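[1] mind looking at a prediction? Sequence and model below.
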Amino acid sequence: MIDSHSILLRMRDVAFALEAAGSHRRRLNRIGLQKFIYLYDAVSTLYETFPPVEGHYTYKHGPYDPAIQNAVDSLAFRGFVHVHGVERDNEGNVSATYGLTASGSNFTQELAMVEPFQVRWRIAVDVAAKVNARGWGRLKELAYSEPTYAMERIHGFGRRLKPEDRFSNSTASLLEIFKRTLRAGFKDVRPSNQVILELFFRYLENYAHYSRRPSISVSSPSKGA
Amino acid sequence: MTALRAGKKGKWNENADEAAAAFRRAIREFGGYQTAQDFSFVVNRLLYLPETRRLIAWDTQSQVRLLMVVNQDAVMEEKFRKRQEQLRQLDSQKRHLHVVVGKLEQQISTSSEIAGYKQSEQDRGKNAGHETATNLGDLVDRLRKVARERVTADAHMASAARALSDVSLEVEGLRERIELIEATLVEGFLSKQERESALALHKLAESGICPACGTVQPELQAEAEQRSRSGLCMLCGSELRFESSNQLNTLRSQLKEKTRSQEAVGVEHILASAKLQGIIDEQESIQTEINQIRSEDPSLTLLERSIPIKSGKDLLIQKDELARQEADLEGQIIELRQDLERDYKRFRDSIDSRLHGLHAAYSEYATAFLGLSCDLEEVPQGQMMSLSILVPKFGETVRPNEESCSEAQRFFLDIAFRMALIDLASDVSEGSGTFICETPETALDMSYVDNVVKMFRSFADKGHNLILTANVQTDGIARKLLADIPRTERASRVLNLFDIGQLSDVHRADITRLKQAISKTLS
Amino acid sequence: MDPYSPEQRQAIKRTVGSTAPQASVLLNEPIERIERFIAKVGSFVKSSHHIVGERPYMLILVESSPQEEELSGNEALRSLRRNKPVFRVDEELRLVSAEEGSIRLVDCGIRTADEKALGVMVRGSYKYDILMGTITDEGNVSYPGADPLSSSKFHHPMIEFEILVHEHKEKCLDREQNVKYWQKPRDRILRGKPDSTESVFHLSLFSWLNMFVIDKLRIFGETLGLGQDKTDIEVVTIDGTHLVEIKWLGENENGTKYDESTISRGLAQVKIYLDHDQDWQFICAHLVVYDGRPLQAHQTKSGYDDSQRHNLCRPPHILFLESETPSVMARRIAR
């Protein structure tokens, strides 16, 4: 069972994600929300903070944290989130996009000014800017390229994802490699978070290119025997 | 090789040595192979399946080598193979020593001269250096020193690992406590905004309005108020107020400090690991030198030929020393085997996502042939060391060896495996591959012909090249495969050896009927 | 830790394997601007090589100057003929000024260090990226070198450094195949001019490692000479950074002599670097010593004080420099 405190923390993260995406005139659907928050969690160590202890797992549509879906449903019920464009597909799956209500926006802005949460708001803004620069349609591909997920997904569903674990094949260790490489050969080099974040997103694009995810595979023309 | 020409406009190089060197260079630069031997291995063992039917699907060494050559950006295959060879040599040396020790023991047991002889520890110690020249003695001393350093380095690394685990637990504990406080803060802001915006839950608490149906419910209101006052969810009673925020700054400082400590301990662990690796490399290098000198020791050869040693005392000293060497070799074998197994596992882990693709491709081909679901299963194999290989699994049963399948199954599942490996290689190199098979329908009964055609067609549709040889059959694989090709192109896809080959008397006698059959195949 | 997959390694290399990210940080410039400059330099070198020939020159990145004209091959040649090989250009290679100045690598390094700038020193179709005094990349623009996927037998990871350094000696140094380092081979006197003896070996080894270290992300070479408190070569890999220090023994044409004690001094120097490594970057260090002394000295006087060796530093690689062919050596020994 998911703890109520996990859901409350995700209410914060959902609010920040929707507000940051909203600033680029984008609404996120349930899968987009999961992916965005996963990337937002993944880079948190760069800002000297951590994602929730209980976070995402591998699942059929990528990294998934059930607390995120519960949080957005609860926020919708409580009047902080609008649910737009609700549709049901042939298989009975319901899709919708989410945006903040006026109350939701007020709540988010207040939260963003509170000292422990300022840095998380900063992360959401920065990640949204990077995703926006590359195209929101690529959000899934970018999340799939995150190192922890890329390595764990092949082991099946239900695998706990810890992108903040700097001692495993993860975003945290990747960011350390970037910092170390930028510092090498010179003294007192302190690359800014913006530079490292940009490199991280370039890495995600490069990895997607080299690994040729099924969603972007191209079939070759038939040659015959 | 007698001559080489690169490109249609190039000149022929007829100097055999230069041509061979140019060929090897071309193989590396254009083919992406590390060596010409790799190229030769891939062609002969993977791409070409002759009538001798030397299968790879259950051949551990071939599978391992092919996987490594195809994924050469993940591993140095030649280095791995050389170390495997080193393992075999060590094992061989150990066996030789064992034989010699056995012979010495036999001589000792029959020798009256040394009955009751007991060598003193002091003598043994003195004679340890008796083995060979000063050079070997120096090496053994260095090895002992390095071995002591290794013990220290091992202990240091284990200690760093424990420290890292301890501090990581502390970090996680602090994170959890901070999360509880932050959750409380979030709920506080949510409630505040609900009040200010007069949202549904606030109306329930203030006015008793049910958020689901809009009716006024005093009892529900009372319950909601009571729960709210107790820091619980108005509707379900879940805990919403966890910890006060007084401690937040303190906890965050502690977390920052612990994280720094974790970082420092982590780095110490990495450096300890690097240092240990350096020591292990040095140890291996010295040990290899020692083994070399010992294996070239002429007295060993003499002993193998049963030339007797002069004195009984010498026999005992020699036997003790050789037994010690044998034990030492055993230790090296164990360590090298563990290293190789670990390296192989690391290699397999690093190409996990590619193997996923290999499984998918194999499943597609093998299932097309068998007509029932077939996949690859990993099983441990290997005599000298445990390497895992991929074998077929169908009908809920793993097929660990060739004998667990029929002849046709064995043959075509091997083909499926080859084609899946070619798919994998093509993905890695972003090119297409070629598979050459001689007379594939030899082992096949007619009920499976369509399945085999489906399998080959699936391979060709991915852009690969397929070269098959066939005997003249009226309704075999050739006719069915050619059926998909436009009639006008069919002749160009077939090399008719009856037109250019040397025919036997039997062929010549039946040439009309044979040509009719070929014509029917092409029509 | 789970090993990095080949795709991850390629992606990491592509992300941080060029000069641009680091230059962006050090110069506080957008990465895109640096990338544009480097790409434009590459195109310029390729297209102008046949005009400029082998005359060396330098391009230094300065502030954007939209009003200026883009540097052409002919303009470059005119300036070179007027003895002005230092071109100050913006990211689109628009020429701000052409100046006099030395194009020796060490002087190019000093210039970029003093000005805190990024420059590219070009000779023919070969270029060196020099960022604030450090060589951050080098290579032949026209023939960038084999992709490790289609690799040669000389490609090795850094853990096989010993093999790398021996193959470099065998293929580049022995019989001065690619590098001239003897001033008088019969007397075993090493070159010392115009560049320092050490820089001859340093640049050659740097170039070899840049080409053949299969797991490198970046490689850095120091340009400013000894005693500058900078490491000779740093090779950054995913697992950590390797430090390579280079020394030589023997005598050069300037009369400078280095004997056996240089080995221990080299080890001590490496120890200082490692002890002062506050960021814990280095996971391994190597001392490479090119021995120009007579063979007997090499065989009998190559000892060192092992207590000076840091625990991350491997035993020194002491490589004898041949000055005569094997047949000549055999005849001499036979006499």
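    It's in. Residues are numbered from 1 along each chain as shown, chains lettered A, B, ... in the order given.

[2] tell me which residues of the helix or strand containing B:Glu29 come out buried.
    Using DSSP states H and E, B:Glu29 falls within helix B:16-31. Across helix B:16-31, burial judged by 16 or more other C-beta atoms under 10 Å in any protein chain shown covers B:Ala19, B:Ala22, B:Phe23, B:Arg24, B:Ile27, B:Arg28. C-beta: built from backbone N, CA, C; applies to glycine.

[3] gap between the helix or strand that that helix is followed by and the chain center?
    Later in the chain than helix B:16-31, the nearest helix or strand by DSSP H and E is helix B:36-42. How far helix B:36-42 lies from its chain's middle: 19 Å, per C-alpha atoms, centre = their mean, to the nearest Å.

[4] show me what helix B:36-42 packs onto, helices and strands only.
    For helix B:36-42, the elements it packs on are helix B:16-31, helix B:60-70, judged by 3 or more C-beta pairs under 8 Å, 6 or more residues apart in numbering or on different chains; DSSP states H and E.

[5] any chance of TSV for the buried residues of helix B:16-31, columns distance to A:Asp3 and pLDDT?
    Formatted as TSV, those follow (distance: C-beta to C-beta, whole Å; pLDDT from 0 to 100):
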residue	distance to A:Asp3	pLDDT
B:Ala19	73	86
B:Ala22	69	83
B:Phe23	67	85
B:Arg24	64	83
B:Ile27	60	84
B:Arg28	58	79
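
[6] can you narrow those down to the ones near chain C?
    Contacts with chain C are made by B:Arg28 out of the buried residues of helix B:16-31, judged by C-beta under 8 Å from any C-beta of the partner chain.

[7] as JSON lines, the buried residues of helix B:16-31 with distance to A:Ile68 would be great.
    Converted to JSON lines, the buried residues of helix B:16-31 look like this (distance: C-beta to C-beta, whole Å):
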{"residue": "B:Ala19", "distance to A:Ile68": "65"}
{"residue": "B:Ala22", "distance to A:Ile68": "60"}
{"residue": "B:Phe23", "distance to A:Ile68": "59"}
{"residue": "B:Arg24", "distance to A:Ile68": "57"}
{"residue": "B:Ile27", "distance to A:Ile68": "52"}
{"residue": "B:Arg28", "distance to A:Ile68": "50"}
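
[8] which one of the buried residues of helix B:16-31 is nearest chain C?
    Set against chain C, the nearest of the buried residues of helix B:16-31 by C-beta to the nearest C-beta is B:Arg28 (5.9 Å).

[9] in which helix or strand does C:Ile319 reside?
    Just to correct that, residue C:319 is Leu rather than Ile. Element membership for C:Leu319, per DSSP H and E: strand C:317-320.

[10] roughly how far out does that strand sit from the chain middle?
    A distance of 19 Å separates the C-alpha centroid of strand C:317-320 from that of its chain, computed with C-alpha atoms, centre = their mean.

[11] got it, and stretch B:381-396?
    Distance of stretch B:381-396 from the chain centroid (C-alpha atoms, centre = their mean) equals 12 Å.

[12] just stretch B:373-388 next, same as before
    Centroid separation for stretch B:373-388 versus its chain: 11 Å, with C-alpha atoms, centre = their mean.

[13] could you export that stretch as CSV, CA atoms only?
    Provided in CSV are the C-alpha atoms of stretch B:373-388 (Å, rounded to 0.1, in the frame of the first residue of the first chain):
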residue,chain,number,x,y,z
SER,B,373,6.8,-21.1,-29.6
CYS,B,374,10.6,-21.4,-29.2
ASP,B,375,13.0,-19.2,-27.4
LEU,B,376,16.5,-19.2,-26.0
GLU,B,377,17.3,-20.2,-22.5
GLU,B,378,20.6,-19.6,-20.7
VAL,B,379,22.3,-22.6,-19.3
PRO,B,380,25.8,-23.0,-17.6
GLN,B,381,28.3,-24.9,-19.7
GLY,B,382,32.0,-25.3,-20.0
GLN,B,383,34.5,-27.8,-18.6
MET,B,384,37.4,-25.7,-17.4
MET,B,385,35.2,-22.7,-16.4
SER,B,386,31.5,-22.0,-16.1
LEU,B,387,30.3,-20.0,-19.1
SER,B,388,26.6,-19.7,-19.8
